[in-house]
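Enquirer: predicted model follows, preceded by the sequence.
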Amino acid sequence: MDQVDLKSDQLVEAEDGLYLQQLASGENMSVQYVLFEPGAKAPMHKHPHEQAGYILQGTPTFRIGEEKEEFTLGPHQSYDLPGETYHEVENEGDVPVRNIDIFSPSRGHPAWKDE
């Protein structure tokens, strides 16, 4: 069994103000910690992985599909996205967004940047 501690010096900046740390990665799924500073954005993208997540702090705005249907979530809410779904996420608030993402099948770190 591997053990990974969440450490600020292990965060990888995937976009301006958007940081990721791979927490666990198995053959069929992976878990990432995500930090969006205020104003940070994960641009519109898609990937073959199913994605589920849980908001720890902040209020991220998700825009889903080519229509960019908008959803704003808050702490202690979860979400799921089927694979191949276009989406973007933005922190329009004044508080950092912190969340946990789970991908199936396993996803590299930070693989979405290259997709």
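Expert: Yes, it's here.

Enquirer: average pLDDT for stretch 64-74?
Expert: Mean per-residue pLDDT for stretch 64-74: 96.

Enquirer: put the alpha carbons of it into PDB.
Expert: The C-alpha atoms that make up stretch 64-74 are tabulated as PDB, following Å, rounded to 0.1, in the frame of the first residue of the first chain:
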ATOM      1  CA  ILE A  64     -20.800  21.700 -19.000                       C
ATOM      2  CA  GLY A  65     -21.200  20.800 -22.600                       C
ATOM      3  CA  GLU A  66     -21.000  22.900 -25.700                       C
ATOM      4  CA  GLU A  67     -24.000  24.900 -24.400                       C
ATOM      5  CA  LYS A  68     -21.900  25.700 -21.300                       C
ATOM      6  CA  GLU A  69     -24.800  24.900 -18.900                       C
ATOM      7  CA  GLU A  70     -23.700  26.500 -15.600                       C
ATOM      8  CA  PHE A  71     -23.700  25.000 -12.100                       C
ATOM      9  CA  THR A  72     -22.200  26.600  -9.000                       C
ATOM     10  CA  LEU A  73     -21.400  24.200  -6.200                       C
ATOM     11  CA  GLY A  74     -20.500  24.800  -2.600                       C
END
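
Enquirer: residues of it that come out buried?
Expert: By neighbour count on 16 or more other C-beta atoms under 10 Å, the buried set for stretch 64-74 is 64, 73. (C-beta placed from N, C-alpha, C; glycine too.)

Enquirer: now that stretch: how far from the chain's centre is it?
Expert: 14 Å (C-alpha atoms, centre = their mean, to the nearest Å).

Enquirer: for stretch 72-89, which outside residues touch it?
Expert: Outside stretch 72-89, the residues within contact range by C-beta atoms under 8 Å, 6 or more residues apart in numbering are 36, 41-66, 68, 71.
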